[in-house]
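below is the structure, and that's it, no one-letter string:
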């Protein structure tokens, strides 16, 4: 197979059978919703805090939270999120543990599960909290509980249940729900639905910075200039929004503008020195520049926080592959999977890198296994289709 043929695979059509709003046993219960509600109930404290944070008004969100009683678990959830955004993860963990103890199925319990999973890599402990929140949301049925259950289901890789729950929760008219719905579609490579969700949010709440970032992520591959404009719009609202800076860094890396990308990443690390994705990108840049000492140092720093964070090797492999260093990309991505066996992006990347090295038999084994576990990944689907034609 030619290198050009493999490089073109990402431009093939998306998976037709799994890209629509999928059904599940929960879907029959909750039905569907397609836009923000015209009439909204008064905002809860959590919704107010989310709105302030989403529009870059973290100081106001913090003041709002601190006005609550000291033992209030929702207060703990909001303050923990603010601490985590500054890189104070240990402080966030303490707040969430106290909040989850007070309400084992509330916002603090959900955020505790997500933090344990994404930052500390403590999967078993995380799953306990996430499963409890998920089960409670199904029983309670109010909009906030459904939203929490949807986020828990997404973190537990229960994609169909997550989607059904988002469909029900989105009726609340909360932009946070529609934004998260769009992020779920983006995760499952349904760009059309993702973009629709983000546009719904921006139409209703133009200062919802995460929705602008969602647009940027959705169109980055097809229209980099417009993606950059969307990310810059998010930064006008929230200059410290890490995701927006990292989208722009990714666009710079696509064009081998390593110094510009590094500047963007450093802005994230100035606010949050322990941002794992930002640290991983710094390491990847060092790797392709043959700066082994810096790569090893960044990798060690990331793994000291989360020993299972395979992304630190996956992104280095991805960047190496862009420079046609495919054998190195294979080795790096295998290391990523060793640390994080459930990392679907790493497994899909490995299949692609193996095809580029000419090992099509092993690539098929990897991709078949990946597709069985997560049949929503468009690159996996397209690579398997390409292998079928060889």
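Good, I have the coordinates. Since the structure is predicted, the reported quantities are computational estimates derived from the model, not experimental observations. Numbers count the residues shown, from 1 in each chain.

can you get me a residue count around the closest residue to residue 368 other than its chain neighbours?
In space, and not counting its chain neighbours, residue 368 is closest to residue 384: 7.1 Å by CB to CB, 6 or more residues apart in numbering. For the C-beta atoms, the positions are set from N, CA and C on the backbone; glycine is no exception. For residue 384, the tally of surrounding residues (other CB atoms under 10 Å) stands at 17.

residue contacts, residue 384?
364, 367, 368, 371 (CB atoms under 8 Å, 6 or more residues apart in numbering).

mind listing what the spatially closest residue to residue 332 that is not a sequence neighbour touches?
Excluding its sequence neighbours, the residue lying closest to residue 332 (CB to CB, 6+ apart) is residue 317, at 3.5 Å. Residue 317 makes contacts with 328, 329, 330, 331, 332, 333, 336, 346, 349, 353, as judged by CB under 8 Å, 6+ apart.

would you list the residues you listed in JSON lines and tack on pLDDT?
What follows is the contacts of residue 317, written out as JSON lines (pLDDT from 0 to 100):
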{"residue": "328", "pLDDT": "98"}
{"residue": "329", "pLDDT": "98"}
{"residue": "330", "pLDDT": "98"}
{"residue": "331", "pLDDT": "98"}
{"residue": "332", "pLDDT": "98"}
{"residue": "333", "pLDDT": "98"}
{"residue": "336", "pLDDT": "98"}
{"residue": "346", "pLDDT": "95"}
{"residue": "349", "pLDDT": "94"}
{"residue": "353", "pLDDT": "96"}
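
which of these fall in strands?
If you go by DSSP state E, the contacts of residue 317 have nothing in strands.

about what we covered before: write a ChimeraX command that selects only the buried members of the contacts of residue 384.
Buried residues within the contacts of residue 384, by 16 or more other CB atoms under 10 Å, are selected in ChimeraX with:
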select :364,367,371
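
which of the contacts of residue 384 lies closest to residue 278?
Nearest to residue 278 among the contacts of residue 384 is residue 367, at 29.4 Å by CB to CB.

how about the contacts of residue 384 in JSON lines, adding distance to residue 205, pLDDT and secondary structure?
Rendered in JSON lines, the data for the contacts of residue 384 read as follows (distance: CB to CB, whole Å; pLDDT from 0 to 100; DSSP: H, G, I helix; E, B strand; the rest coil):
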{"residue": "364", "distance to residue 205": "45", "pLDDT": "94", "secondary structure": "helix"}
{"residue": "367", "distance to residue 205": "40", "pLDDT": "93", "secondary structure": "helix"}
{"residue": "368", "distance to residue 205": "43", "pLDDT": "92", "secondary structure": "helix"}
{"residue": "371", "distance to residue 205": "37", "pLDDT": "91", "secondary structure": "helix"}
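
dump the contacts of residue 384 into CSV; add distance to residue 262 as well.
Shown next, in CSV, are those (distance: CB to CB, whole Å):
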residue, distance to residue 262
364, 37
367, 33
368, 38
371, 35
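
quick check: the farthest pair among the contacts of residue 384?
Those two in those that are separated most widely, counting by CB to CB, are 364 and 371, at 10.3 Å.

can you tell me the element residue 387 falls in?
helix 378-389 (DSSP states H and E).

mind listing what's buried along that helix?
378, 379, 380, 381, 382, 383, 384, 386, 387.

wait, the fourth one touches residue 372, no?
No - shown here, residue 381 and residue 372 do not form a contact pair, counting by CB atoms under 8 Å, at 11.9 Å.

for this structure, what's the longest helix?
As assigned by DSSP state H, the longest helix anywhere in the chain is helix 123-140.

quick one on the thing from earlier: out of the contacts of residue 384, who's nearest residue 299?
Once CB to CB is applied, the member of the contacts of residue 384 that ends up nearest residue 299 is residue 367, at 26.5 Å.

coming back round to it: give me the residues contacting the longest helix of the chain.
Against helix 123-140 from outside (CB under 8 Å, 6+ apart): 26, 100, 104-106, 109-110, 112-114, 116-117, 145-150, 152-153, 155-156, 158, 161, 165, 308.

mean confidence for it?
Looking at helix 123-140 alone, the average pLDDT works out to 96.

and for residue 42, the neighbour number?
6.

show me where the stretch 1-150 of the chain dips below the pLDDT cut-off.
For the stretch 1-150 of the chain, the stretches with pLDDT under 70 are 1-40.

residue boundaries of the helices in it?
Using DSSP state H, counting those that start in this stretch, the helices of the stretch 1-150 of the chain run over residues 3-7, 25-30, 45-54, 58-66, 73-85, 89-102, 107-115, 123-140, 143-155.

buried subset of the contacts of helix 123-140?
Buried among these (16+ other CB under 10 Å): 26, 100, 104-106, 109-110, 112-114, 116-117, 145-150, 152-153, 155-156, 158, 161, 165, 308.

now for the closest residue to residue 253 other than its chain neighbours: which residues touch it?
The spatial neighbour of residue 253 that comes closest, neighbours along the chain excluded (CB to CB, 6+ apart), is residue 261 at 4.9 Å. When contacts are counted by CB under 8 Å, 6+ apart, residue 261 touches 249, 250, 252, 253, 281, 285.

farthest-apart pair in these, please.
Taking CB to CB, no two of the contacts of residue 261 sit farther apart than 250 and 285, at 11.6 Å.

neighbour-wise, which of the two wins?
residue 285 (24 against 20).

please name the nearest non-neighbouring residue to that one.
residue 258 (5.2 Å).
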